[in-house]
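Sequence first, predicted model second:
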Amino acid sequence: MRENLHRFFRAARGAGVRVSPAESIDAMRAVSKIGFNDRQILRDTFLVTLAKTQEEKRALGDCFDLFFSQPEPPPPSAPDNDNADEDGEAGESGQANGGGGGGEAPDGADASEREASPTAGGQPGEGLGPLAQMLLRQDRNEIQAAIASAANAASLSDIRYFTQRGIFSGRILEQMGIGRLRDDLDNLTATNPSQAERLQAATDGLRDAVRETVAQALLLYGREEAENLRNEILRNAPLSRIEPRQVEEMRALIRRIARRLRERYSKPRKRQRRGHLDVRRTLRRNAAWGSIPFLTAWKRKHRDRPKIVALCDVSGSVARVSDFFLLLIHSLHEVVDDVRSFAFSGHLIEVSDILEKKSPEAAMAEIMSKVGFGSSDYGSSLADFEDEWMNAITPQTTVIVLGDARSNNLDPRADILRRIAERSKRVVWLNPEGRMAWGFGDSEMPRYATFCSVVRQCATAKQLERAVSDIVATYQ
Amino acid sequence: MAEHRPAASIAAVESGLAAQGYIASRQIATAVYLAQQIEKPILVEGPAGVGKTELAKAIAHWRGQKLIRLQCYEGLDEAKALYEWKYAKQLLYTQILKDKLGEVLGGAETLHEALAQLHDFGDVFFSKEFVEPRPLLQALEQPAGCVLLIDEIDKSDAEFESLLLEIVSDFQVTIPELGTVSAVAPPTVILTSNSERDLGDALKRRCLHLHIGFPEQRLEERIVESRVPGISQTLRRQMVAFIHELRTLDLKKLPSVSETIDWARVLVLLQAAELDHEIVKDTLNVLLKYETDIEAALPQVSTFVAKAARQNVFG
C-alpha cells in the first residue's frame, strides 16, 4: 500500500499539486490513523494534508477520483471469446453468449470457457507459456493483476511524454512474456488453428488493455512534465506569430506570469523602508521607564508603487503582442498602483476602462474595432497623447511604449517623446522586432531611442516577463 | 465536557462539536480529528463569517481547554505576540538591589574583579521572572494544553509568519537569553485567514489546510436549527433556500453563515411565519452590507421568494 501511496503522490504532482516530502510524510501519518476503509474520508484526508489552495484542492480531488477509480478497463476478452466460439462451434455459441452477456463476471466467462474448450479440441495450456495459459483461462482479475505488476516492474509511473507510450507498452508486454506468447501462437497455428485463433483474439484484447493502462498512467503522471514542456515552448515562441489555437494557452501562461510577478513584488519589504529615527514616537513609547530609549521607533521611508502609462501600438503584427502585454499589465493590481493604457495605430485613445470592465477577448475586440487595423502613425498618435493626457504623467510614472516604431515614413515627432521623457521617471520602449531590423526601412527606432531610458526587444512571453519584471523592480 | 484525550473517531469529533452548537461538515471534522492525531496546526481559509473563529471556540469548549487568542494586525511583532522583557520591573529591581549589589561587590579590589564576581551571579535580570509572556508563550505554558487561535494571519506582515514557524512546527520558541521553551502540552493551533494576501509556502507546508466555504443547504439548515432553536421548520427551509439563491448573484459581499443566523433571529423576532416579499425587503439590510448589493438584489427578491417557497413543497 505504501507503494500505492507513493504513486498517488506522484500523480498528484502530475496534476499540479505541489507535494513536498514533508507533506507526503504528513499524509502518510494521517492515512495510518485513518485507514483505507472509507474512501470519502481518505479523500478528505488528502485534501487537508496535501492541497494548500482552493485550486490545488480541486485538482487533487479530480486526481484522486481518477487514481482510485483506476484499473477497470473493459473486459478484454469477453466479446472476442464469443466470436471465437461462434467460429468454432455454432451449437455452443448460444450458451456462451448467455454466460458472457448475463453476468459479465469472470465466473461467467470461465464457465463458457470450460464448456468451449473440450469441443475446440485439445487441453488448453498444454505445452504453452504461462501467459498463453493465463489468456486462455480468461480470468480477468488475474490478467489485471498481471498487467499491474508488469507495469510496476516496467516503472510505468516514470512515463512523462506521450511519445513514450509505445516504449512503455512494449516494456510491459515484454515483462508479461509476449515473446513466448508469440512462439506459442506460431506453434498453435500449425497444430490447433481454432485455439490459435482464440489466443490471437485474447492477445489483441491484452494489447488493448495494456495500451489503456499506459494511456491512463500518462494522464496521471505525465501531465506536469508535458505542461512544462509546452509552456517552455510557448514562452519562447514569438507572440506575434502564435497560432489561434494557442492564444488561450498563451493567455493562461500570461496569467501565471502575472501571478508570479505579483508574488514577487507585492510583499512589503519593511527593512528597506526604514528611515530616520522618529524621536517623538520613541520618547513617548519609552515614557514608562524615564525616557530611556529601550524601544526605538523609526520613520518609514515612503516607497512609490509603480505608476504606469502604457502606449500600445495595435496595428498589424504588433497587435497580438500588445494584447498580451495589456493583459499582463492589467493583472498586476497588487503590484502596480495605477495603470493607464492607451492604444493607437492611426490615432490614439485611452483604453483603461475597456480593459478593466470586459473580459480580455471582448476588450481586445472592442479596442481593435476602435483603433485597430489602421496603418500606424506614431507622430499623430503622440500628438494626440500630448494634447489630452500629458498631465497623466508625473515624475513617478514609467511610460512604456510598445511598438515597432514603423511610422510609414510620416513625421515621427520624436520631440514629443522627449517632452514625455522629461516629465516622467523613465521611458521604456519595447519593440517586438529584433535589433537587426531597427533603423531599416521606415523604422524610426534609433531616433526614438535617444529619449528612452531603456529600449529592449520584446517578442516572446519570456522577454515580456523580464521587461515588466525589470520595470517593477526599479520601484522596489 | 472536559475531555483531554484525543477523540476516538471522526464521528466523535462531529458530535462533540455539535454539542457545542457547532455543526461541522465531514471535512471539517476530518481536519480537526487529524490535527489531533498527528499534532499539526490547522490553517483555515474561507470567506468572512463562515465560522472559522467559531470553530476554534467550539473546539476549546468541547475539550474544556482554555482558548488563547492572538488577533493579528499590521505591525504586530514579537514583543506583542511572543514575549517581552518587563523593563520597568528590571529597572525597579536594579534600584532596590543597589545596596545589595554594593555588598556583593564590596570585596572586589579592581573593576575587573567586580565584573568577574558579577558574572558569577548569571543573568539575574534576564530570567524567567522578568519575562512577560504574550499569547504565543502563554499557550506553550498551559499545563492542560489549550487551543491557540491565531486569527486573521493574513492581516499580519510577512515577517510575522516566519516568527510563527518555530511554534507551528515544533511547539517551541527560542528566547535568546533563556534558551528554548517547549510546550508543556502541545496546544491545538488554529490559524485563520481571509485570503487577503497569499501566505508563504513555508507556513502552509507546516499546516493542515482546511477551506471552509459556504455550507450546503442541508448543513446550513442544521446550523440555523442549532443556533436559533425557536424558528419553525418551514421558515428555516425557506430562508436558507432564499439565501442560497442570493449567493448565486454577483455581489460585492455574499451573505455568509453569520448573516444567515442573524437574519433567522430577526425573522423570529418579527414573528414571521413564512417568507414573503415584504418582510424580505424590509430586512434585506441584515443580509447585505453594501448599498449597491441591496440595489442589485431587490429586483430579484420576488423570484427568489417564490423559488424558496416552491422548494419547501418539494424538498
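Yep, that arrived.

residues making contact with the helix or strand that B:Glu113 is a member of?
For B:Glu113, the element it lies in under DSSP states H and E is helix B:111-120. With contact meaning Cβ atoms under 8 Å, 6 or more residues apart in numbering or on different chains, helix B:111-120 is reached by B:104-105, B:107-108. Bear in mind the C-beta positions are built from the backbone N, C-alpha and C, glycine included.

just checking, what packs against the helix or strand hosting A:Arg171?
Secondary structure assigned from DSSP H and E places A:Arg171 in helix A:165-176. Judged by 3 or more Cβ pairs under 8 Å, 6 or more residues apart in numbering or on different chains; DSSP states H and E, the packing partners of helix A:165-176 are helix A:140-153, helix A:193-221.

tell me the angle the helix or strand that it is followed by makes with helix A:140-153.
Sequence-wise, the next helix or strand downstream of helix A:165-176 (DSSP H and E) is helix A:178-191. Relative orientation of helix A:178-191 versus helix A:140-153 (axes from the mean of the first three to the mean of the last three Cα atoms, to 10 degrees): 140 degrees.

Return the set of residues that bridge with A:Thr397.
Beta bridges link A:Thr397 to A:Lys307, judged by DSSP bridges.

For chain B, what's the nearest residue on the stretch 51-200 of chain A?
A:Lys52 (4.3 Å; Cβ to the nearest Cβ).

Please report the number of neighbouring residues for the residue nearest to A:Ile292 when sequence neighbours are not counted.
Excluding its sequence neighbours, the residue lying closest to A:Ile292 (Cβ to Cβ, 6 or more residues apart in numbering or on different chains) is A:Asn286, at 6.2 Å. Counted by other Cβ atoms under 10 Å in any protein chain shown, the residues lying close to A:Asn286 total 17.

How about the one 10 residues further on?
By other Cβ under 10 Å, 12 other residues sit near A:Thr296.

That one contacts A:Thr282, doesn't it?
Yes: assessed by Cβ atoms under 8 Å, A:Thr296 is found in contact with A:Thr282 at 5.4 Å.

Get me the contact residues on chain A for chain B.
Contact residues (Cβ under 8 Å from any Cβ of the partner chain) of chain A with chain B: A:18, A:20, A:22-23, A:26, A:29-30, A:33-34, A:40-41, A:44-45, A:47-49, A:51-54, A:57, A:263, A:266-268, A:270, A:288-290, A:292, A:294-295.

let's see it at 6 Å
Contact residues (Cβ under 6 Å from any Cβ of the partner chain) of chain A with chain B: A:20, A:22, A:29-30, A:33, A:41, A:44, A:48-49, A:52, A:54, A:267, A:288-289, A:294.

Buried residues in the helix or strand that the helix holding B:Glu113 is followed by, which are they?
As assigned by DSSP H and E, the chain's next helix or strand after helix B:111-120 is strand B:131-133. Using 16 or more other Cβ atoms under 10 Å in any protein chain shown as the test for burial, strand B:131-133 gives B:131, B:133.

close to chain A, is strand B:131-133?
No: judged by Cβ under 6 Å from any Cβ, strand B:131-133 makes no contact with chain A; its nearest approach is 12.7 Å.

what lines up beside that strand in the sheet?
For strand B:131-133, pairing defined by DSSP bridges yields strand B:83-85 (antiparallel).

list the buried ones in stretch B:215-234?
Neighbour-count burial for stretch B:215-234 [16+ other Cβ under 10 Å]: B:215, B:219-224, B:227-228, B:231.

swap that for stretch B:21-35, please
B:22-35.

got it, and stretch B:287-296?
Those buried within stretch B:287-296 under the rule 16+ other Cβ under 10 Å are B:287-288, B:293.

what does that stretch contact?
Outside of stretch B:287-296, the residues within contact range by Cβ atoms under 6 Å, 6 or more residues apart in numbering or on different chains are B:251-253, B:255, B:259, B:263, B:284.

do the same with stretch B:227-241
With contact meaning Cβ under 6 Å, 6+ apart, stretch B:227-241 is reached by B:217, B:220-221, B:224, B:261, B:264-265, B:268, B:275, B:308, B:311-312.

And that stretch, how far out from the chain middle?
27 Å (Cα atoms, centre = their mean, to the nearest Å).

and the host helix or strand of A:Glu361, what's its mean pLDDT?
For A:Glu361, the host element (DSSP H and E) is helix A:360-371. Helix A:360-371 carries an average pLDDT of 83.

Off-centre distance for it?
Computed by Cα atoms, centre = their mean, the chain-centroid distance of helix A:360-371 equals 27 Å.

what does it contact?
With contact meaning Cβ under 6 Å, 6+ apart, helix A:360-371 is reached by A:323, A:327, A:343, A:345, A:349, A:351, A:354-355.

Among those residues, which are located in strands?
A:343, A:349 (DSSP state E).

CA-only coordinates of the helix or strand encompassing A:Ala467, as CSV, when you get a sec.
Element membership for A:Ala467, per DSSP H and E: helix A:461-473. The C-alpha trace of helix A:461-473 is given here as CSV (Å, rounded to 0.1, in the frame of the first residue of the first chain):
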residue,chain,number,x,y,z
ALA,A,461,6.4,35.8,-23.3
LYS,A,462,9.8,35.3,-21.6
GLN,A,463,11.1,38.7,-22.8
LEU,A,464,7.8,40.2,-21.8
GLU,A,465,8.0,38.9,-18.3
ARG,A,466,11.6,40.1,-18.0
ALA,A,467,10.8,43.5,-19.3
VAL,A,468,7.8,44.0,-16.9
SER,A,469,9.7,42.5,-14.0
ASP,A,470,12.5,45.0,-14.5
ILE,A,471,10.2,47.9,-14.7
VAL,A,472,8.5,46.9,-11.4
ALA,A,473,11.8,46.2,-9.7
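
Run through the residues that contact A:Thr460.
Per Cβ under 6 Å, 6+ apart, neighbours of A:Thr460: A:236, A:238.

Output the below-cut-off pLDDT ranges for the stretch 151-300 of chain B.
The model of the stretch 151-300 of chain B has no residue with pLDDT under 70.

can you give me the strands for it?
If DSSP state E, counting those that start in this stretch is used as the criterion, the strands of the stretch 151-300 of chain B fall at B:172-175, B:179-182, B:188-193, B:208-211.

now those in CSV, with distance to A:Arg7?
Listed next are the strands of the stretch 151-300 of chain B as CSV, based on distance: least, Cβ to Cβ, whole Å:
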stretch, distance to A:Arg7
strand B:172-175, 35
strand B:179-182, 37
strand B:188-193, 31
strand B:208-211, 22
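
In a markdown table, list those along with mean neighbour count.
As requested, the strands of the stretch 151-300 of chain B are exported to a markdown table (neighbours: other Cβ atoms under 10 Å in any protein chain shown):
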| stretch | mean neighbour count |
| --- | --- |
| strand B:172-175 | 16 |
| strand B:179-182 | 12 |
| strand B:188-193 | 26 |
| strand B:208-211 | 24 |
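
Which one, of these, ends up nearest to A:Leu410?
Within those, the stretch nearest A:Leu410 is strand B:188-193; the backing value is 55.2 Å (Cβ to Cβ).

can you list the residues of the stretch 1-150 of chain B near chain A?
B:27, B:30-31, B:34, B:37-38, B:87-88, B:91.

So which of these sit within strands?
Per DSSP E, the subset of those in strands is empty.

List the residues that contact residue 33.
You didn't pick a chain, so chain A it is. Applying Cβ under 6 Å, 6+ apart, the residues contacting A:Lys33 are B:Gln37.

if you could check chain B rather than the one you did, that'd help
Counting by Cβ under 6 Å, 6+ apart, B:Tyr33 makes contact with B:10, B:13.

okay, now the domains of chain A?
Here the domain parsing of chain A from automatic domain parsing is A:2-67, A:249-274+A:305-473.

and the two most separated of the contacts of stretch B:227-241?
So, the contacts of stretch B:227-241 by Cβ to Cβ: farthest apart are B:Arg265 and B:Gln311, at 21.8 Å.

All the helices of the stretch 51-200 of chain B, in order from the start?
B:52-63, B:78-81, B:87-96, B:98-105, B:111-120, B:135-141, B:158-170 (DSSP state H, counting those that start in this stretch).

okay, the ones you listed, which one's buried deepest?
helix B:52-63 (a mean of 22; mean count of other Cβ atoms under 10 Å in any protein chain shown).
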